[in-house]
Structures are given as C-alpha cells and as structure tokens.
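S.K.: Need coordinates for the following:
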Amino acid sequence: MPDEEPTLAGWMSPIEPLRSKERQRNPFPWLRKQRRSHPVRFNKEQGYWEIFGYDAAKEALTDHDRFKSTPNLAVRNGLIRDTIFAVDPPRHTKLRKPADEFFKSDNIREYGPVVERLANDLIDDIADDGEMEFIEDFAQPIQVRTITRMLGLPSDDIDTFVRWNNIITRGQFSSVEQSIQKQEQASTEMNELFSRLARERREEPGDDFISLLAQSEIDGEPMPIDNIVGYGILLLLAGNATTTLEMANAMTCLWNSDPGLFDDLAGNDDALATAIEEVLRYRPTFPKPTRMASRDFEFHGKQLQKGELVMVWIASANRDGSTFDNPETFVPDRSPNPHLSFGHGVHICIGATLSRLVMRKALGTLFERLTDIRLVDDELDPIWNPALHGFKELNIEFEPK
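M.R.: Here you go, the predicted structure:
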C-alpha cells in the first residue's frame, strides 16, 4: 500500500508514459502494448494498480464490494462533494434514486427538440461563414445550455458557467499550481451558487433537477444541501465536459475513417446512433476511472491490498481483441458494441441517456444543415487534463446546404 496519498498536483499531471503531446493525443499504441503484456499490473513508479483488459475492467467496475469508489482527489479538494460519484451502496442507492427518476428516457426525450433548436440557431449564425471552431462555436454552447436548462440555472450566467467548466476540465494555465488556484476559486463560486439555489428551491420548487433534489428525502429527512450542491457541480462539469469533448471526438473519428460519413449519416438517425456508440468505444473522453481496494484479495492472479488505488483503463478495455473484432479500427456500423465508456454496474453514468441524445440531435442537425465538412488542422492539441481525453479546439470548414 502506498505510504503517501497522492496530491491534487500529482493527479492533475499526466502519468509518465503519457507526458508527451503525441501520447496524450494518441495513447492507444501504449495502451495496446500494456494490455498485451499484462492485463493487470502494479505501477511501481506511480504507486497504483492498472487494469487494461476488458474482462478485468468490467469486473472491477461491477464489483463495488471489492473495488469501492474513491473519495477521489477532485472530491477531497472540494470540486465535487458527497455524491454518487464518490460513494457506494447502500448510500449510493439512496442518493441516486431521485436522480434515476429524473433521468428516465421518457423525461430526457423532451430535451431532443431543445437541442435541435439550439443547434439550428447556432448554425444560422455561422452557416455563411464557411468555418468555425467546433468546440467553442457549437458543441460547448449546446451542451452548456442544455445542462443549465436541466438544472434550472440562470440563463444570463451562461458565460460564467462556461468559464468554470473550462477552468476545471481544460486547465489551460501555465502551471499546475496556477490551475489549482483557479480551480479552488471556481469551486468556491460554484458551491455558493448551488447552495443558494438549493435553499431557494426547497422553499419555492420549480420543474428543474435542483428542485427535484431539494424536495427529495433520504431516510425520511430532506436531502442534505451538500449532496444537492455536489450533484449540481458534478452535472455542470462532468456532464458538460464529457459530452462536449465526445462530440469533437466524433468529428475526428468520422473524418479520419471516411469524410463521406458526414453526408451519409445526415437524416439517418439509427445509423448515426450506432456510429456514436462506436465513437464512445474508440475515443472515450473519460478513459480511466479510479477505484480503491476495500480489502486484501486476489484478482486475475495479482494480490491487491486494502487501500491501494486502481486505475481502470476503459480506453484500453474498449480495444480488447478478446471482445471486439478489429478493435483498433473505427467501424461506424459496429453492432453489438458492449463498450464500457459509461461505466458498468451500479455506477453506470447517470447522464448516459442525455449524453447520447445531445450528441445524436446536435450532430444530426449539423450534418443535415452543412455539407463538404472538412477538418482543418493536421495535428490537434490535446487538453491539459489527465482525467479526460479530448482536444483544446477543432477547426472545421464547410458549405451550407
């Protein structure tokens, strides 16, 4: 077991094999080498276990008894409080129950027209320009506005929410220390906002997600304010960052596979949904969730000790040839596609249905409105955040239909 708990600075720094921009941009050759050499290994330099194979990864994500959620470094430093992200059953079950009701497919389906309208409005503004920065001009505005509407946040503060999201998830500062300082400030501001909203919605509820939580009970008592705050921050940050970056990843996957796919998928919702699943498998934005060994036990021939950290490389598991045919090839019509990009078991991503809907409606609208879509940059600059896989910007050119 490691003698010292990792620091936030350590968590924010890329692990040694992925420090170069090229490996951050394309970690998959390194992951393939590790997976073939040792599906489960102890990283002596970093002081934690790593899981690379599909079967082992799925087992670790499913078995919350032996692999418990970590009060992970972001949580310990105040970015995310006591939420489903950081606890296990039975408390996890109680915290998640009201959210599960909200995120049912029937409820989320109502956001489809909202996303389409947002996408059309954005395209109306830029169609004649013939170019845009896809993340800033399209993907991020759609996802931020969708999440803020769901949370019931003031629409006048959209720019503030974007700033918080970029500070926490994209960390484009000159040093780790500066990033930490900015993140702590943003965390304080977010805590203040969601604490105020939670108290207001407890007295005067609306039809938004914060109101639902504010009216919920756990063991006969109102859900604690800290839990509501944690939910709000988790969805505002994780919900925005992952889907925004995944839409950009979709553009790169389709372009590199066959630029004609942009036109082929236009108006074909089922084919687009299948292609999105392949994007999720091929380039997941959340490539390595962490767990912690709850006790000493043997796992796939290795002896884990209580308290040891475990990094579950779903970005590697998703390319395991024992589960996927031609795993290193992007296959837009791949089916079935049992990827692990939204997790598995009780901790499966609560916003998975919303994320899929936003990507399908936003990209579908884009492909129906624009043609001759071209990616401009030969090399993309990876974001400076080891917890996420994506790019700082994505410049595209196009013609309006």
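S.K.: Please make it C-alpha for all contacts and neighbour counts, starting now.
M.R.: Will do.
S.K.: can you map out the strands along the stretch 301-401 of the chain?
M.R.: Counting by DSSP state E, counting those that start in this stretch, the stretch 301-401 of the chain has strands at residues 302-304, 309-312, 370-375, 395-400.
S.K.: Among those strands, which comes closest to residue 268?
M.R.: Residue 268 lies closest to strand 370-375 among the strands of the stretch 301-401 of the chain, at 14.7 Å (CA to CA).
S.K.: Which strands and helices lie in contact with that closest one?
M.R.: Using 3 or more CA pairs under 8 Å, 6 or more residues apart in numbering; DSSP states H and E, the elements in contact with strand 370-375 are helix 240-257, helix 261-264, strand 395-400.
S.K.: partners of the last one in the sheet?
M.R.: Think strand 395-400. strand 131-133 (antiparallel), strand 370-375 (antiparallel) (DSSP bridges).
S.K.: got those strands as TSV, with distance to residue 233, mean pLDDT and mean neighbour count columns?
M.R.: Formatted as TSV, the strands paired with strand 395-400 follow (distance: least, CA to CA, whole Å; pLDDT from 0 to 100; neighbours: other CA atoms under 10 Å):
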stretch	distance to residue 233	mean pLDDT	mean neighbour count
strand 131-133	26	98	17
strand 370-375	33	97	18
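S.K.: quick one on the thing from earlier: now render the strands of the stretch 301-401 of the chain as a markdown table, adding distance to residue 325.
M.R.: Formatted as a markdown table, the strands of the stretch 301-401 of the chain follow (distance: least, CA to CA, whole Å):
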| stretch | distance to residue 325 |
| --- | --- |
| strand 302-304 | 27 |
| strand 309-312 | 21 |
| strand 370-375 | 28 |
| strand 395-400 | 31 |
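S.K.: what's the closest of those strands to residue 261?
M.R.: strand 370-375 (9.9 Å).
S.K.: Which one of the helices and strands packed on strand 370-375 lies nearest to residue 350?
M.R.: In terms of CA to CA, the element of the helices and strands packed on strand 370-375 nearest to residue 350 is helix 240-257, at 12.7 Å.
S.K.: center of the protein - which residue?
M.R.: Per CA atoms, centre = their mean, the C-alpha nearest to the average position across the chain is that of residue 242, at 3.0 Å.
S.K.: Quick one: classify residue 212 as helix, strand or coil.
M.R.: Look at residue 212: counting by DSSP: H, G, I helix; E, B strand; the rest coil, its state is helix.
S.K.: how about it, what does it touch?
M.R.: Contacts for residue 212 (CA atoms under 8 Å, 6 or more residues apart in numbering) come out as 98, 205-206.
S.K.: Could you measure from it over to residue 231?
M.R.: Residue 212 sits 11 Å away from residue 231, going by CA to CA, to the nearest Å.
S.K.: Lowest-scoring secondary structure element of the protein by mean pLDDT?
M.R.: helix 8-12 (a mean of 39; mean pLDDT, DSSP states H and E).
S.K.: Next secondary structure element downstream of it?
M.R.: Sequence-wise, the next helix or strand downstream of helix 8-12 (DSSP states H and E) is helix 21-25.
S.K.: which parts of whatever helix or strand comes next after that following helix are buried?
M.R.: Once helix 21-25 ends, the next helix or strand along the chain (criterion: DSSP H and E) is helix 28-37. For helix 28-37, burial by neighbour count (16 or more other CA atoms under 10 Å) applies to 28, 31-32, 34-35.
S.K.: which helices and strands sit right next to helix 28-37?
M.R.: Checked by 3+ CA pairs under 8 Å, 6+ apart, helix 28-37 has helix 314-317 packed alongside it.
S.K.: Could the C-alpha coordinates of the helix it packs on be exported in PDB?
M.R.: Extracted C-alpha coordinates of helix 314-317, given in PDB (Å, rounded to 0.1, in the frame of the first residue of the first chain):
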ATOM      1  CA  ILE A 314     -11.600   1.600 -20.200                       C
ATOM      2  CA  ALA A 315      -9.900   3.300 -23.100                       C
ATOM      3  CA  SER A 316      -7.800   0.100 -23.300                       C
ATOM      4  CA  ALA A 317     -10.600  -2.300 -22.400                       C
END
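S.K.: contact partners of it?
M.R.: Residues contacting helix 314-317 (CA under 8 Å, 6+ apart): 28, 31-32, 35, 52-55, 57, 281-284, 287-289, 339-341.
S.K.: Could you count how many residues lie near residue 124?
M.R.: Neighbourhood size, residue 124 [other CA atoms under 10 Å]: 12.
S.K.: what about it, distance to residue 365?
M.R.: Computed as CA to CA, the residue 124 to residue 365 distance reads 11 Å.
S.K.: Same check on residue 202?
M.R.: 37 Å.
S.K.: same deal with residue 203?
M.R.: As judged by CA to CA, residue 203 and residue 365 stand 39 Å apart.
S.K.: Tell me which of these two has more neighbours.
M.R.: Between residue 203 and residue 365, counted using other CA under 10 Å, the more crowded position is residue 365 (20 against 12).
S.K.: Find the residue ranges of the chain scoring beneath the pLDDT cut-off.
M.R.: Applying pLDDT under 70 to the chain picks out residues 1-19, 71-82, 170-176.
S.K.: can you give me the helices in the stretch 101-250 of the chain?
M.R.: Taking DSSP state H, counting those that start in this stretch, the helices of the stretch 101-250 of the chain run over residues 105-108, 112-126, 134, 140-151, 158-169, 176-203, 209-214, 225-234, 240-257.
S.K.: If you could redo that for the stretch 301-401 of the chain, that was the one I meant.
M.R.: Under DSSP H, counting those that start in this stretch, the stretch 301-401 of the chain gives helices at 314-317, 352-369.
S.K.: Sweet, I'm off.
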